[in-house]
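> Give me a model of this one.
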Amino acid sequence: MPTTAQATDTIQLRRSYSAPIDAVWHAWTSPEALTRWFRPSDEHTTTVHALELRVGGKYRIEMVHTSGKRHVVAGAYRELQPPGLLAFTWRWEDNPVMSDTLVTVELRAQGGGTELVLTHRMLVEEKQREDHRHGWSRCLERLGAIL
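Predicted structure coming up:
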């Protein structure tokens, strides 16, 4: 839920993982690792078509449901500060009406584990915010399961 400090077009999720910060960073920046958790359910498979890990570099990730429905998200990296900060644009290829949004992933060492704060901005419609909150929540649960 947005706090008073957050814009109404923003969602923010926080998670704590027992894994060290380098392991969580690797899970976000390795194509092989992303295929293991970056999807909302077991009924989806993930293919990383591009992952150019540099500022201005592009990424393109496809999630295919067992029904055959596919969703492709793509964008470009805006900030990379290993192992603590990733920021990238986000656009669904199958939704040409939705403009680019911005995702920021902050990682902080927390004892032997990691605190993750994911902020997704520029989601102008309530349905977009709720759909993305649900999708990110499911992905972050899956991330925790592989760490």
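> right, and V72 touches D94 too?
Yes: between V72 and D94 there is a contact under C-beta atoms under 8 Å: 6.6 Å. Where you see a C-beta, it was placed from the backbone N, CA and C, and this is true even at glycine.
> just the helices in this protein please.
Counting by DSSP state H, the chain has helices at residues 21-29, 31-37, 126-146.
> Including distance to L53 and mean neighbour count, could those go into a markdown table?
What follows is the helices of the chain, written out as a markdown table (distance: least, C-beta to C-beta, whole Å; neighbours: other C-beta atoms under 10 Å):
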| stretch | distance to L53 | mean neighbour count |
| --- | --- | --- |
| helix 21-29 | 5 | 19 |
| helix 31-37 | 10 | 16 |
| helix 126-146 | 18 | 15 |
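> Make a markdown table out of the ones you listed and add mean pLDDT and distance to G57.
Output for the helices of the chain, formatted as a markdown table (pLDDT from 0 to 100; distance: least, C-beta to C-beta, whole Å):
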| stretch | mean pLDDT | distance to G57 |
| --- | --- | --- |
| helix 21-29 | 98 | 11 |
| helix 31-37 | 98 | 13 |
| helix 126-146 | 96 | 21 |
